[in-house]
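> My questions concern the predicted model and sequence given below.
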Amino acid sequence: MPLNSEQQKEFHEQGFICLEPIMTTDEVTELREIFDRLFSKPADGSKPLYYDLTGNDPDAEMNDGAVPQLLHPSNHVPELKQSQAWKASLDLAMQLLKMGDYTRDDLIVRDHAIVKPPGSTGATPWHQDEAYWDEDKDYQEFSVWIALQDTTEEMGCMQFIPGSQKGEVHPHHTWQNDPNVIALEINDGYVNESLKIPCPLTAGGATLHHSRTMHYTSPNQSTEPRRAFILTVGTPPQILATPRDFPWNHKDRGYKQHILDPQAEA
């Protein structure tokens, strides 16, 4: 999965890039089928594997306002680790990260899956990924967001604020200030939405964004599900001499606290 010098420069300057398909159409079809299975209600009546990113009810079913998400789907479908998507993400990391003495085998990969149902009113608020992570660690990571169908702005494609990765992690709060909601939102005054750049994708296409790049996805206003396979890749984090302060993560996060381990390996 080679990147040319202009793409690499754009990633480091803008904090994101948009790519043409990084997998075959056959693999896109296979992953869509896996997603549809993982996000189906269990026939035996047991709890589903997914949870609602923007909800606060642990027993709520997937509905029009939900943003269903599943962490580490490869724990349930190990063959995901052999996919072209996974291998391409490692290829990209080898080109974009400062590897030093690290090798490909040292890279940490965390995967998750998100499906926005047709007509969903759920939006993923503006945030920086690193706001979810540990305060005492220095990260070198980026995320590969892969569309499993043609994804327009109407469906909820990724939108970014260019250059926003160059600052620190800005203050965040839980969505609608509800401590039982997992989703974080950056505080007022830090996002200039007039600068946003939407990145519509064809099926199998991907965006890459730095862990501090501000990003957002709108509700899915289409009649089709919007499926996204996300792989976060990085070198092992380093302990900071002086920890940062993320007070939004100090609060009781309710019933979903157990899913917030950012370094759990899939």
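In hand now; what should we look at? Numbers count the residues shown, from 1 in each chain.

> Helices of this structure, start to end?
For the chain, the helices defined by DSSP state H cover 5-14, 25-38, 84-96.

> Any buried residues in the second one, and which?
Translated: helix 25-38. 27-28, 30-32, 34-35, 38 (16 or more other C-beta atoms under 10 Å). C-beta here means a position set from N, CA and C on the backbone, and glycine is covered the same way.

> got the contact list for Glu168?
Applying C-beta atoms under 8 Å, 6 or more residues apart in numbering to Glu168 gives the contacts 212, 244.

> if I look at Ile161, how far off is Asp178?
25 Å (C-beta to C-beta, to the nearest Å).

> same deal with Ile186?
From Ile186 to Asp178 the distance is 16 Å (C-beta to C-beta).

> Between the two, which is the more surrounded one?
Ile186 (21 against 14; other C-beta atoms under 10 Å).

> Residues in a beta bridge with that one, which ones?
His172 (DSSP bridges).

> contacting residues for the residue nearest the centre of the chain?
Ranked by distance to the mean C-alpha position of the chain (C-alpha atoms, centre = their mean), the top residue is Ile230 at 5.1 Å. Ile230 is in contact with 111-114, 143-146, counting by C-beta under 8 Å, 6+ apart.

> and with 6 Å instead?
112, 143, 145 (C-beta atoms under 6 Å, 6 or more residues apart in numbering).

> Tabulate the residues you listed in TSV, adding columns for neighbour count.
Shown next, in TSV, are these (neighbours: other C-beta atoms under 10 Å):
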residue	neighbour count
His112	20
Ser143	24
Trp145	24
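
> Is Pro198 in contact with Glu154, as I believe?
No - Pro198 is beyond contact range of Glu154, at 10.0 Å (criterion: C-beta atoms under 6 Å).

> Report the spatially nearest residue to Leu96, omitting neighbours in sequence.
In this structure, Leu96 finds its nearest non-sequential neighbour in Phe11, 5.9 Å apart by C-beta to C-beta, 6 or more residues apart in numbering.

> what number of residues lie near the one you found?
Using other C-beta under 10 Å, Phe11 is surrounded by 21 other residues.

> which residues does Pro198 form a beta bridge with?
In beta-bridge terms (that is, DSSP bridges), Pro198 pairs with Gln159.

> From Thr207, how far out is it?
Distance, Pro198 to Thr207, using C-beta to C-beta: 10 Å.

> cool, and Gln8?
For Gln8, the distance to Thr207 (C-beta to C-beta) stands at 15 Å.

> more neighbours, those two?
Taking neighbours as other C-beta under 10 Å, Gln8 and Thr207 compare with Thr207 leading, 25 against 14.

> Distance check, that one against Thr217.
Distance from Thr207 to Thr217, counting by C-beta to C-beta: 10 Å.

> shared neighbours, these two?
Counting by C-beta under 6 Å, 6+ apart, the common neighbours of Thr207 and Thr217 are Met158.

> worst-scoring helix or strand of the chain, pLDDT-wise?
strand 51-52 (a mean of 80; mean pLDDT, DSSP states H and E).

> Can you list the strands that that strand pairs with?
According to DSSP bridges, strand 51-52 has the following sheet partners: strand 68-71 (antiparallel).

> Now do the strand it pairs with: distance to the chain's middle.
How far strand 68-71 lies from its chain's middle: 10 Å, per C-alpha atoms, centre = their mean, to the nearest Å.

> Please list the outside residues in contact with it.
For strand 68-71, the surrounding residues in contact (C-beta under 6 Å, 6+ apart) are 38-39, 49-50, 53, 62, 112-115, 259.

> Now do the buried residues in that strand.
By 16+ other C-beta under 10 Å, the buried positions in strand 68-71 come out as 68-71.

> and Ile161, what does it touch?
195, 214 are the contacts of Ile161 under C-beta under 6 Å, 6+ apart.

> And the pLDDT for it?
Looking at Ile161, its pLDDT reads 98.

> do the one 4 residues further on as well
Residue-level confidence at Gln165 comes out at 98, pLDDT.

> Also Gln82?
So Gln82 comes in at 97 (pLDDT).

> got it, and Ala123?
Reported pLDDT for Ala123: 90.
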